[in-house]
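> got a predicted structure here, sequence first:
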Number of protein chains: 2
Amino acid sequence: MITLAVDCMGGDHGPRVTLVACRQFLDHHPQARLLLVGLEQSLQGFAHERAVIVPASEVVAMDDPVEVALRKKKDSSMRVAILQVRDGAASAAVSAGNTGALMAIARYLLKTLDGIDRPAIATQMPNSRGGATTVLDLGANVDCSAEHLLQFAVMGSALVSALKEGGEPTVGLLNIGEEVIKGSEVIKKAAELLRSAANSGELNFYGNVEGNDIFKGTVDIVVCDGFIGNVALKASEGIASMIVGALKAEFSRHIFTKMAALIAYPVLKAFMQRMDYRRYNGAALLGLRGLVFKSHGSADAMAFEQALIRAYDAARNNLLDRVRIRIAHAAPLLAPADAQPKTGIAATTHR
Amino acid sequence: MITLAVDCMGGDHGPRVTLVACRQFLDHHPQARLLLVGLEQSLQGFAHERAVIVPASEVVAMDDPVEVALRKKKDSSMRVAILQVRDGAASAAVSAGNTGALMAIARYLLKTLDGIDRPAIATQMPNSRGGATTVLDLGANVDCSAEHLLQFAVMGSALVSALKEGGEPTVGLLNIGEEVIKGSEVIKKAAELLRSAANSGELNFYGNVEGNDIFKGTVDIVVCDGFIGNVALKASEGIASMIVGALKAEFSRHIFTKMAALIAYPVLKAFMQRMDYRRYNGAALLGLRGLVFKSHGSADAMAFEQALIRAYDAARNNLLDRVRIRIAHAAPLLAPADAQPKTGIAATTHR
């Protein structure tokens, strides 16, 4: 039996979506148990033999500053969910709440693993091979050093090995190609560190990749600075939604095109399912002494269930131990990147 | 009459594509004259009353290192085309050759404008408002300072004002949103500089934007570091080609879906035209004392003609003077960003 702690109050829709997702998830996963964390009056209608309600009296709002979430709301559903992980009551926590707050609280309560300066956010993006490419970091860290990128590569390799069959996953370093300068100094140094790590058998380094390689599926894991990963993710979501919008607009232009849409409906539906971003919902917060998964704030029940499944699979496959073992094994290579750990969270919260 | 110098040898296809594009362009633009630069034997078959062949004995290969292009091939078609601009024989040069070489040669021959440390590459990306968003820089500069980003904003505003009707174009600073850290120190400082420039009436600063805003059309101009712009561009191209590929795959799955495609063909064709990346071909090299446009290396004749049109429009609308006037006007704000100009090109070529 695997137990997950769910922050039922997080996200744009709260219990209206999370509880529906939880029920579907429990129905599909007979070996799962859920701790439903949130305001008692919002959750008391929910009954399931493998679900327990854990009350919390506060809710972190989507626009709460990190300080407020961390210091003022000590009994928030987000915090209580993560406490379940820290105290061993749950194997992983899932929240659709404010990313900054989630990362800060998770880091404060769980602490980072030895050898890791900065936790990272890793997600999957669909690729044209029909699989998914894992990309990290997606915005938890900006101005990453070469050492941070190496840590991300080691953590990403552990994540993908835990969740996917097959050999040692390949790691690509996100760079720019034929243009004037081939990468900054940080990237050049990171490539050297990754090459040494590969030579020591710590990971399977493919080499530099470019933005389009994420979607080509050239490698299993793409490693980059959080600022760049975040821009790449959002730009991709932006163009994808523009393209789908244009397709819909063309098919609803007039009566003939609408008839064509009707005839093409099964094909268009299959296409939309294939391109459905919700299938990839659920980003892992890596590098902490406990498993935490972040759902998109706007997730619907189907998408939130995907995040629960991802957390369940990670717990079932002992992701935490795998990351820990990997990191310990690579320890001699992982020189501390920050003399004083100065991450975004530290900078924000230790003022 | 506007004269353009065309590097007919550049790109993946050379004269086979560029000459076809040149003829189409001349047919569509009775006020244009072309200087066709390249190997005499490759161009001699081309005759047009408004075209003159300018011989060059060498060709910069797509994979030539910048040093080779700049120092060894002194009579390359790329270099001779840019010389036409420097010497006043042409108002703009267009090449589909190696970006790094083009930027280095253009910078060496034309020099940068006063007040500009680093030339930038600006291109248009389609947005869901049916227009285009201009993004710079796209890879000429990595590790940009706040001052560089301000220079890009001023140059981008001049470019868009020259090519588009309407009021003062809006400028967005590419940042990351709700995530843990809202931007790096450089971005925070750049936002301050842009705000002051807006207060002085130098440009119309909208504020921070995110990756998806490029395709939403939130602003006319998105300013970013070249590394980030390059990754965003390539990631977007990557997902766009994945989506179009998936659509084709769904429609060619079996006999029924193929019939559906036949019926939906006019709609799908309209969609493909709308999404056609070739329409946006032609990036401007900004910040030089002369106009240079870069076509995608893989451009076909239709795409290369777009790059010619863009150069023609820029020359016709006095882009160079507009950039110069803007820069001069903003001069008090444009403190030199590099104590010693250290651009990628300088770093690569002055070794």
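That came in fine, so what should we check first?
> figure out the helix or strand that A:Ala140 lives in.
For A:Ala140, there is no host helix or strand (DSSP states H and E).
> doesn't A:Arg118 make contact with it?
Yes: A:Ala140 is within contact range of A:Arg118, at 6.8 Å (criterion: C-beta atoms under 8 Å). Backbone N, C-alpha and C define where each C-beta goes, glycine included.
> which one of the two is surrounded by more residues?
A:Ala140 (32 against 28; other C-beta atoms under 10 Å in any protein chain shown).
> can you list the residues of the stretch 1-150 of chain A near chain B?
A:62, A:66, A:98-100, A:103-104, A:121, A:126-128, A:138-143 (C-beta under 8 Å from any C-beta of the partner chain).
> swap the cut-off to 6 Å and go again
A:Thr99, A:Gly100, A:Met103, A:Ser128, A:Gly139, A:Ala140, A:Val142, A:Asp143 (C-beta under 6 Å from any C-beta of the partner chain).
> of those residues, buried ones?
Among the residues of the stretch 1-150 of chain A next to chain B, those scoring as buried are A:Thr99, A:Gly100, A:Met103, A:Ser128, A:Gly139, A:Ala140, A:Val142 (criterion: 16 or more other C-beta atoms under 10 Å in any protein chain shown).
> and these, which two are furthest apart?
A:Gly100 and A:Ser128 (32.4 Å; C-beta to C-beta).
> please enumerate the strands of the stretch 1-150 of chain A.
A:2-7, A:32-38, A:51-55, A:92-95, A:120-126, A:132-136 (DSSP state E, counting those that start in this stretch).
> sorry, wrong one. I was asking about the stretch 201-350 of chain A.
Counting by DSSP E, counting those that start in this stretch, the strands of the stretch 201-350 of chain A are A:204-209, A:221-223, A:283-286, A:291-294.
> give me every residue in the stretch 251-351 of chain A lying close to chain B.
Contact residues, the stretch 251-351 of chain A versus chain B (C-beta under 6 Å from any C-beta): A:Phe251, A:Thr257, A:Ala260, A:Ile263, A:Ala264, A:Val267, A:Ala270, A:Phe271, A:Arg274, A:Gly344.
> and if we set it to 7 Å?
Contact residues, the stretch 251-351 of chain A versus chain B (C-beta under 7 Å from any C-beta of the partner chain): A:Phe251, A:Thr257, A:Ala260, A:Ile263, A:Ala264, A:Val267, A:Ala270, A:Phe271, A:Arg274, A:Met275, A:Gly344, A:Ile345.
> which of the residues you listed sits closest to A:Ile176?
A:Gly344 (24.1 Å).
> surely A:Gly226 is in contact with A:Leu136?
No: between A:Gly226 and A:Leu136 no contact is recorded; they are 8.4 Å apart, counting by C-beta atoms under 7 Å.
> please parse chain A into its domains.
According to automatic domain parsing, chain A comprises the domains A:1-113+A:287-319+A:333-351, A:120-282.
> next, the angle from the helix ranked longest in chain A to strand B:120-126.
In chain A, assigned by DSSP state H, the helix with the most residues is helix A:226-251. When axes from the mean of the first three to the mean of the last three C-alpha atoms, to 10 degrees is applied, the directions of helix A:226-251 and strand B:120-126 differ by 30 degrees.
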